[in-house]
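J.: Sequence and predicted structure below; questions after.
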Amino acid sequence: TERRMVVTGCSQSNYLKPIYNETTWSFLRRSYREAVGEEASAIYSKDDDDETGFQVPYEVRYSPVRGRSIFVTEPVKRGRLIWSSDYDAGFRNERSLRRFLRMISWELRCEILLWAYPVDSGQAHVALDDASFVNHGESEREINYGNNDRAIRDIEAGEELLMNYTEFIAYDTVDWFDEIRAAAW
């Protein structure tokens, strides 16, 4: 039997929440592929593993309201693809997520459990690139990035990308994931 990985204390910690570089994202993607196995991986081994799924020019910077955030650096027309799911990691079960968490530092475990979310298929997903810094918009007028990874309205240069998390997060449906996340946060 595999030793049970439990992550705790994330909410009480003041760990540094940096803007990660490609070295960290690449490490997380390699760790994910190793943890779940190449045949089960939603992220394929690539020579261009130092890239991102973003299809629009952007920058990551700190927002006084939401912390780390994605801002477009050029105008984006309604309907344009914003992000490709090339770096969207899926965990089919508790064992694969715990195996992945064991392979990374405590700070990165907290980050992954902050960013990851349950989906209707009974899996947990997390973007292993800068897309993890896309935040939730509180109102319809703020939201500019749709569940289909496309711009739902014209977006001005300098505008923060904001989604409606409730469109794709299946809250309270993946018990094993909820248990792991609740212990951490």
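T.: Yep, it's here. Numbers count the residues shown, from 1 in each chain.
J.: Touching the top helix by length along the chain from outside, list them.
T.: With secondary structure taken from DSSP state H, the chain has its longest helix at helix 22-36. Outside helix 22-36, the residues that touch it by CB atoms under 8 Å, 6 or more residues apart in numbering are 41, 43, 45, 49-52, 87, 89, 91-92, 96, 99-100, 102-104, 108, 112, 128-130. Where you see a C-beta, it was placed from the backbone N, CA and C, and this is true even at glycine.
J.: Show me what secondary structure element comes after it.
T.: Counting by DSSP states H and E, the element after helix 22-36 in chain order, helix or strand, is strand 58-63.
J.: partner residues bridging the nearest residue to Gly158 once chain neighbours are set aside?
T.: Leaving aside its sequence neighbours, Gly158 sits nearest to Phe71 (CB to CB, 6 or more residues apart in numbering; 6.0 Å). Beta bridges link Phe71 to Glu59, Glu160, judged by DSSP bridges.
J.: right, and Phe71 touches Glu59 too?
T.: Yes: counting by CB atoms under 8 Å, Phe71 does reach Glu59; the two are 5.5 Å apart.
J.: between those two, which one's more packed in?
T.: Legend: neighbour count by other CB atoms under 10 Å for Phe71 and Glu59, higher for Phe71 (17 against 12).
J.: Met5 versus Arg102, what's the distance?
T.: In this view, Arg102 and Met5 are 5 Å apart by CB to CB, to the nearest Å.
J.: how about low-confidence regions in the protein?
T.: 1-3, 45-50 (pLDDT under 70).
J.: What are the boundaries of the helices in it?
T.: Assigned helices in the chain, in chain order: 22-36, 94-102, 106-115, 175-184 (criterion: DSSP H).
J.: For Gly79, which of those is the nearest?
T.: Gly79 lies closest, by CB to CB, to one member of the helices of the chain: helix 106-115, at 26.2 Å.
J.: Need the residues that contact that closest one.
T.: Contacts with helix 106-115, where a contact means CB under 8 Å, 6+ apart, come from 7, 10, 13, 15-17, 24, 28, 100-101, 104, 126-127, 132, 180-181, 184-185.
J.: got it, and stretch 133-145?
T.: 19, 60, 63, 66-70, 82-83, 127, 151-153, 155, 159-165.
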